[in-house]
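A.B. asks: Provide a 3D model corresponding to the input given below.
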Amino acid sequence: MDIKTLLDSYEDLPQDIVRSNEVGAVAATTTIYCNTKCWHGLLSVYNPETKEQKVLLSNIDDVIITEDKTEYYLSTRKYPNVYFPLGHQYIRSMEFNPCTRTVYAVGGAMISFEFLLAAREETVLMRYCLLSSPKSVKLQVRPLVAFRDAMKLIRQDRDFMTTVTPVHNGVAYRPRRNETELYMQSSKKCEFVCAPDWNYNIEYTQDRLDGKPYQEDLFMPGFFETVLEPTEAVYFSFSTKNQNPEILTDFFESEFRTRNRRKTYTDYLQFSADQMFREVDNEYQVLEKIPCRDYFSYHLFGALPGLTLPKGDLEKFMRVLKSYLRKMENFSFGKIEKNNYDAQSPLWMIWALQQYTYHTGSHEKIAGTFLETLNSLINAGITGKIPGLFTSSEGLIATEKHGIRRYFVDINALWYNALLFVAELNTATYDKNAALMGDIEHVKKKEFADELMHYAKKVKVSFMTRFVNKNVPFLLDSINDDGYKDYICRPGQLLAFALPYSVADSSLAKNVIQAVEENLLTDLGLRSAPKNCLNYHMDGEGDIYPIYFGFLTEVYLKYCGEIEGLKKAEQIFNLFNSQQRIETESPNFYEKFDPEPPHRGKGSPLFAGTIATFYRIKLLIDQF
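C.D. replies: Numbering: from 1, shown residues only. The predicted model follows:
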């Protein structure tokens, strides 16, 4: 990393460091350890009962005290109108591959700091090493705790407990008796000075830019103090588990050895994809983003193939999918009244299974496990029994908001594709001889497949009638029952061409590709609306979404010819490819970006759909 640039521009703070593990714990900060978002924290944990990601350890103040009693703070933090401390000015080198390591130069001493999140525990491990120094130094480590929801802020709470419980080489702390204890321990016998204090008005600059609440108070229960001799290392553990300090060194080293060095862009994508899963109560879940609450969304199904199939992780795909199918009730995933259900989720689930089927060529296996469920879902769609979706007499699917039914181009493209894929599964497992012998199961498979193909023809005719207008060179985005039509060029129309069963006539593809490239395409993704849109750059209009790169790639490969299509696909794949990304842990897989320069990322820098998009593009190119 260019340290001079870093030091000259700390007002525009560097990117995030985000790590998650298999049990849902997260460690998140920035490259100079200055938290800029409320969900940043060196240790946050997931509670499956409350569906809450809770920040326990927000940050630390680490201080080096030299022989002349000069204090050098290694930390950096923002308060109103001032940054203090300014520990980033002592940074001399930074590494993030395979783990995070920062070297500081203070008072004639060189000291390194490393931290990593344990793979299967709610534990963050840290190592300080006095690399060189004319004499020994004192090290103070001052934990700042939050014990709050990752998306909420706190102020001074006089009910916070100010006492700690001594444990082996450290202490345990919790602000209330019903809280999880945070065990703070060292590999060597350290003095823990109980000095309870509040730090007031800490600011999160990114939240401020986003117009969110951005100030809070954090509590410091006390601090560790120890002496470091030249070349000596000391290890710290912050955990929900009482650790054995005698094996902290081995614990850190064993965790470090499991980290693979990232050498290529594909390694970086795999590294990011692996972070988007957690295992809760023996169930695998996809994290829509980090931090993530436990709800079911079409984003999860849309991301699942791209997170698993490129690396051949078929077992994980199945474990996740079966976990969510077990929670399906009344043809839906979740409850609308809790605002955690997307009506189109069943259609994305069918698409995800379709991707798996084509990747493995396992029609019989998929049909044997899921065909009954898929048949029921499709039949529910035809009869209008999927909650939140409404089926017209023309066969098109609508959603409803404020009493108005709205037909979207992408949802109906998914619907057409789902009809024909389920028909394909029934046909692939149909045994003609068994049907002739009177086997009712196979007779019904043939009858249902024929019914779906006939129904799909009706959907296609209705789609072409409703969404194609000869006065514009692209498909309409949506149509309301009240007569309103959205004539704005939008990226959802790509699904009508990109899906395995394309509902739009191929003759329209050339004009749509040109319209999308001229109006929506950027180096970060596709705009949700063109610049000439009336409400552009207001209420999200025009925001740039990387996930549409995946469907644009499929359109290129299908309609632009072997040479030109592959060239365009590779250009898209390499847009996010850089050596800096490979070498750092700083993710940039945002769900969306601001439509105008400098195109600031919005939301979490780790969004499953964006990671999956680029990983799946790699797979599409390799398979082409």
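A.B. asks: what's in contact with stretch 566-575?
C.D. replies: The contact list for stretch 566-575, computed with C-beta atoms under 8 Å, 6 or more residues apart in numbering, reads 265, 523-524, 549, 552-553, 556-557, 560, 614, 617-618, 620-621, 624. The way it works is simple: take the backbone N, C-alpha and C, and place the C-beta from them, glycine included.
A.B. asks: how far off centre is it?
C.D. replies: 23 Å (C-alpha atoms, centre = their mean, to the nearest Å).
A.B. asks: closest to Lys510 out of the contacts of stretch 566-575?
C.D. replies: Taking C-beta to C-beta as the measure, Lys510 lies nearest Cys560 of the contacts of stretch 566-575, at 9.0 Å.
A.B. asks: among the contacts of stretch 566-575, which are located in helices?
C.D. replies: If you go by DSSP state H, the contacts of stretch 566-575 have Tyr265, Phe549, Leu552, Thr553, Tyr556, Leu557, Phe614, Ile617, Lys618, Leu620, Ile621 in helices.
A.B. asks: returning to what we had before: need the buried ones from the contacts of stretch 566-575 selected in PyMOL.
C.D. replies: Filtering these down to the buried ones (16 or more other C-beta atoms under 10 Å) takes a single PyMOL command:
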select buried, resi 265+524+549+552+553+556+557+560+614+617+618+620
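A.B. asks: so where is the stretch 201-350 of the chain shaky, pLDDT-wise?
C.D. replies: Applying pLDDT under 70 to the stretch 201-350 of the chain flags the ranges 293-296, 334-341.
A.B. asks: if we go to 80?
C.D. replies: Within the stretch 201-350 of the chain, the segments meeting pLDDT under 80 span 293-297, 333-342.
A.B. asks: what about the helices in it?
C.D. replies: Along the stretch 201-350 of the chain, counting by DSSP state H, counting those that start in this stretch, helices occupy 205-209, 248-257, 265-274, 298-308, 314-325, 345-360.
A.B. asks: format those helices as a markdown table; extra columns: distance to Gln156.
C.D. replies: Converted to a markdown table, those look like this (distance: least, C-beta to C-beta, whole Å):
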| stretch | distance to Gln156 |
| --- | --- |
| helix 205-209 | 19 |
| helix 248-257 | 33 |
| helix 265-274 | 37 |
| helix 298-308 | 37 |
| helix 314-325 | 41 |
| helix 345-360 | 42 |
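A.B. asks: and for Leu414, the neighbour number?
C.D. replies: 24 (other C-beta atoms under 10 Å).
A.B. asks: my guess is it meets Ala352, correct?
C.D. replies: No: using C-beta atoms under 8 Å, Leu414 is not in contact with Ala352; the gap is 11.1 Å.
A.B. asks: pretty sure Tyr173 sits against Met220.
C.D. replies: No: assessed by C-beta under 8 Å, Tyr173 is found out of contact with Met220, at 10.2 Å.
A.B. asks: joint contacts of those two?
C.D. replies: Joint contacts of Tyr173 and Met220 (C-beta under 8 Å, 6+ apart) are Val145.
A.B. asks: which of the two has more neighbours?
C.D. replies: Shown here are Tyr173 and Met220; by other C-beta under 10 Å, Tyr173 has more neighbours (27 against 17).
A.B. asks: so who does that one touch?
C.D. replies: Val145, Met161, Val164, Thr165, Glu181, Leu182, Met184, Pro221.
A.B. asks: gap between the two ends of stretch 380-397?
C.D. replies: Criterion C-alpha to C-alpha, to the nearest Å; first-to-last residue distance in stretch 380-397 is 12 Å.
A.B. asks: show me what it is in contact with.
C.D. replies: 330-332, 336, 341-344, 346-347, 377, 398-400, 405, 407, 411-412, 415, 418, 455, 458-459, 462-463, 466.
A.B. asks: equivalent analysis for stretch 526-534, please.
C.D. replies: Residues outside stretch 526-534 that contact it (C-beta under 8 Å, 6+ apart) are 488-491, 494, 516, 519-521, 535-536, 540-545, 548-549, 552, 595.
A.B. asks: now, which of those residues lie within helices?
C.D. replies: Taking DSSP H, the ones among the contacts of stretch 526-534 that sit in helices are Val516, Asn519, Tyr548, Phe549, Leu552.
A.B. asks: which of those lies closest to Asn242?
C.D. replies: Phe549 (46.6 Å).
A.B. asks: run through the neighbouring helices and strands of the longest helix along the chain.
C.D. replies: Using DSSP H, we find that the single longest helix of the chain is helix 440-467. Under the contact criterion of 3 or more C-beta pairs under 8 Å, 6 or more residues apart in numbering; DSSP states H and E, helix 440-467 touches helix 363-382, helix 409-428, helix 432-436.
A.B. asks: buried ones in whatever helix or strand comes next after that helix?
C.D. replies: Next helix or strand after helix 440-467 toward the C-terminus (DSSP states H and E): strand 478-480. Neighbour counts over strand 478-480 (16+ other C-beta under 10 Å) mark Ser478, Ile479 as buried.
A.B. asks: give me the residue ranges of the chain where confidence is low.
C.D. replies: Looking at the chain by pLDDT under 80, you get 1-15, 293-297, 333-342, 430-443, 578-588.
A.B. asks: how about a cut-off of 70?
C.D. replies: 1-14, 293-296, 334-341, 432-437, 579-587.
A.B. asks: domains in it, by residue range?
C.D. replies: According to automatic domain parsing, the chain comprises the domains 3-257, 262-291+520-624, 328-506.
A.B. asks: reformat these as JSON lines; add distance to Lys316.
C.D. replies: Shown next, in JSON lines, are these (distance: least, C-beta to C-beta, whole Å):
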{"stretch": "domain 3-257", "distance to Lys316": "11"}
{"stretch": "domain 262-291+520-624", "distance to Lys316": "6"}
{"stretch": "domain 328-506", "distance to Lys316": "11"}
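A.B. asks: ok so, going back, which among the contacts of stretch 380-397 count as buried?
C.D. replies: When the contacts of stretch 380-397 are checked for burial by 16+ other C-beta under 10 Å, the buried set is 331-332, 341-344, 346-347, 377, 398-399, 405, 407, 411-412, 415, 418, 455, 459, 462-463, 466.
A.B. asks: what about the nearest residue to Gly306 once chain neighbours are set aside, which helix or strand?
C.D. replies: Setting aside the residues directly before and after it, Gly306 is nearest to Ala612 in space (C-beta to C-beta, 6 or more residues apart in numbering), at 2.7 Å. Element membership for Ala612, per DSSP H and E: helix 608-623.
A.B. asks: can you give me how far that helix is from the chain middle?
C.D. replies: 14 Å.
A.B. asks: which strands or helices does it pack on?
C.D. replies: Counting by 3+ C-beta pairs under 8 Å, 6+ apart, helix 608-623 packs on helix 265-274, helix 298-308, helix 548-559, helix 562-573.
A.B. asks: got those helices as TSV, with distance to Ser58 columns?
C.D. replies: TSV is the format used below for these (distance: least, C-beta to C-beta, whole Å):
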stretch	distance to Ser58
helix 265-274	24
helix 298-308	28
helix 548-559	35
helix 562-573	37
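A.B. asks: quick check: which of those is buried the most?
C.D. replies: With neighbours defined as mean count of other C-beta atoms under 10 Å, the helices and strands packed on helix 608-623 peak in mean count at helix 298-308, which reaches a mean of 26.
A.B. asks: what is it packed up against?
C.D. replies: helix 265-274, strand 283-286, helix 314-325, helix 345-360, helix 608-623.
A.B. asks: which residues touch the last one?
C.D. replies: Put plainly, it is helix 608-623. For helix 608-623, contacts defined as C-beta under 8 Å, 6+ apart pick out 266, 269-270, 272-273, 276, 286-289, 299-300, 302-307, 309-311, 359, 546-547, 549-550, 553-554, 557, 566, 569-570, 572-573, 576, 589-591.
A.B. asks: hmm, back to that, what's the closest of the contacts of stretch 566-575 to Pro85?
C.D. replies: Leu524 (34.3 Å).
A.B. asks: cross-check the contact I'm expecting between the closest one and Phe593.
C.D. replies: Yes: if you go by C-beta under 8 Å, Leu524 and Phe593 touch, sitting 4.8 Å apart.
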